[in-house]
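Enquirer: give me the fold of what follows.
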Amino acid sequence: LINNWEATYFDITEERVLAIAEKAKELGIEMFVLDDGWFKNRNDDNAGLGDWVPDTEKLPDGLDGLIDKINVLGLKFGLWIEPEMVSEDSDLYRAHPDWAMTAPNRAPMMARNQLVLDLSRKEVHDYLFDKISNLLENYNINYIKWDFNRPISDVFSHSVPSSRQGEVQHRYYLSLYRLYDRLTRKFPNVLFEGCAGGGGRFDAGMLAYSPQIWCSDNTDPISRLTIQYGTSFGYPACTVGAHVSASPNHQTGRKTPVNTRGVVAMSGTFGYELDLTKLSAEDCAEIKQQVERYKELEPVIHGGKLYRLSKMSDASHYMAWQYVSDDKSRAVLNIVVTNPLANSAPVHVKLKGLLPDAVYSVDGEFECRGAALMSGGYTFKRLTGDYPAKQLDIIRVK
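Expert: Sure, this is the predicted structure:
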């Protein structure tokens, strides 16, 4: 998929969105996801949350008109929402200020200029179910990115007495799970991706309803190496939201090759989050190859066994990891050099999980037995420059 967030932020226009979508189709990408800023009164993060009415100034043919144009290109469509939140500057808050979690006689604690809706209240639960259902019933949406960009702080419900305030947060999450359950049952063909300012709610409870979760709002590939390394101890790659973003990276300012960004993002659900219309022809060609390669390797990455070939202590120099299919007929070997060293020995890793007596083709470079790759290993040569990476497709041939 391609997500427009780091390409446009709130500055969405139909023209910009369609230009990115057209380029995405050209590069083999399958879905366009419209992020924050598509609804009325949402030109920054100060207003608009809670109403979920498409902005016809940004989208003159409406959200349905935009989706139709994207579908004509041959792309599926996804949409960002943050249903558990409300802006003070919104019709919802003006009508129901008591629906927000705020403590009496105190100024509310704001975060990202927004408040948390009190999901422990049945009327809030029903409002969100109806709003999201309306979107999914009236628009051809295949994917929902469900965000949650602030912590719950003022845990107080205006609907229960003080003696029951200790129940509120527990009831909030029971209601949230019930809301997810109702929606996923009603719309079984819609993919829900969880997000909480990144991976703030990356847990098994949320994965029961959103089978993939945005791992971190830090999309820098070198930062993501350790983030995804840690995440991998609890969760498989098929659950880990990971995108190729712009260089210089918008969070760290680091410059990295598009190949390196691709290698890291392929160890997750894989997508793009940058302005495709501003890339060089060389980078576009690389992305097209990445998309084709990922579609071929995805069964191994998502369905195979993960082997960590380096430790966190190696991260100051390199990170290496490997996926092996269940029948051990195919493996994917990855390495990213985080700090190339002068006059140092080439990085050398020993593979794992292969059939010792089977013969494997190593990315078309040569053939050898699994035993040799596991005991003798593979040497990565000529990995120099800024943050180089390499990915090898290892296929059993005998």
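Enquirer: run a quick neighbour tally on Leu128.
Expert: Leu128: 22 surrounding residues under other CB atoms under 10 Å. In this view, the C-beta of every residue, glycine as well, is placed from N, C-alpha and C.
Enquirer: in a helix, it, correct?
Expert: Yes - applying DSSP: H, G, I helix; E, B strand; the rest coil, one finds Leu128 inside a helix.
Enquirer: correct me, but it touches Lys122?
Expert: No - counting by CB atoms under 8 Å, Leu128 stays clear of Lys122, with 11.0 Å between them.
Enquirer: what helix or strand is Arg224 on?
Expert: Element membership for Arg224 (DSSP states H and E) is helix 221-231.
Enquirer: rewinding a little: what sits in contact with each of Leu128 and Lys122?
Expert: Residues touching both Leu128 and Lys122 (CB atoms under 8 Å, 6 or more residues apart in numbering): there are none.
Enquirer: list the neighbouring strands of the helix or strand following the helix holding Arg224 plus their orientation.
Expert: Using DSSP H and E, the next helix or strand after helix 221-231 towards the C-terminus is strand 240-241. According to DSSP bridges, strand 240-241 forms sheet pairs with strand 212-214 (parallel).
Enquirer: touching the partner strand from outside, list them.
Expert: So strand 212-214 is contacted by 145, 191, 193-195, 198-199, 201-202, 206-207, 238-241, 269 (CB under 8 Å, 6+ apart).
Enquirer: how about stretch 245-263?
Expert: Stretch 245-263 has contacts (CB under 8 Å, 6+ apart) with 6-7, 217-223, 244, 272-275, 279, 283, 286-287, 290, 294, 334, 336, 385-391.
Enquirer: buried subset of the contacts of strand 212-214 as a PyMOL selection?
Expert: Buried residues within the contacts of strand 212-214, by 16 or more other CB atoms under 10 Å, are selected in PyMOL with:
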select buried, resi 145+191+193+194+195+198+199+201+202+206+239+240+241+269
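Enquirer: out of the contacts of strand 212-214, the closest to Gln228 would be?
Expert: Val240 (6.1 Å; CB to CB).
Enquirer: which parts of stretch 375-384 are buried?
Expert: Tyr378, Phe380, Leu383.
Enquirer: which of these fall in strands?
Expert: Cross-referencing the buried residues of stretch 375-384 against strands under DSSP state E gives Tyr378, Phe380.
Enquirer: of all the buried residues of stretch 375-384, which comes closest to Leu27?
Expert: Leu383 (26.0 Å).
Enquirer: who's in contact with that closest one?
Expert: Leu383 neighbours (CB under 8 Å, 6+ apart): Ile335, Val337, Pro340, Pro346, Val347, Ala389, Lys390.
Enquirer: the third one and Ser313, how far apart?
Expert: Looking back up the chat, that one is Pro340. 18 Å (CB to CB, to the nearest Å).
Enquirer: look at the two and report which has more neighbours.
Expert: Between Pro340 and Ser313, counted using other CB under 10 Å, the more crowded position is Pro340 (15 against 7).
Enquirer: ok, the more buried one - contacts?
Expert: By CB under 8 Å, 6+ apart, the contact list for Pro340 reads Leu383, Thr384, Gly385, Pro388.
Enquirer: at 10 Å instead, please
Expert: Each residue near Pro340 by CB atoms under 10 Å, 6 or more residues apart in numbering is listed here: His317, Tyr318, Val347, Leu383, Thr384, Gly385, Asp386, Tyr387, Pro388.
Enquirer: could you do Ile70 as well?
Expert: 17-18, 21-22, 24-25, 31-32, 34, 76-78, 140.
Enquirer: could I get those residues in TSV, plus columns for pLDDT?
Expert: Output for those, formatted as TSV (pLDDT from 0 to 100):
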residue	pLDDT
Val17	99
Leu18	99
Ala21	99
Glu22	99
Ala24	99
Lys25	99
Met31	99
Phe32	99
Leu34	99
Lys76	99
Phe77	99
Gly78	99
Asn140	99
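Enquirer: PyMOL command for the buried members of those?
Expert: Typed into PyMOL, the next command selects the buried ones out of those (criterion: 16+ other CB under 10 Å):
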select buried, resi 17+21+22+24+25+31+32+34+76+77+78
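Enquirer: and the contacts of Ile70, which of them are in helices?
Expert: Val17, Leu18, Ala21, Glu22, Ala24, Lys25 (DSSP state H).
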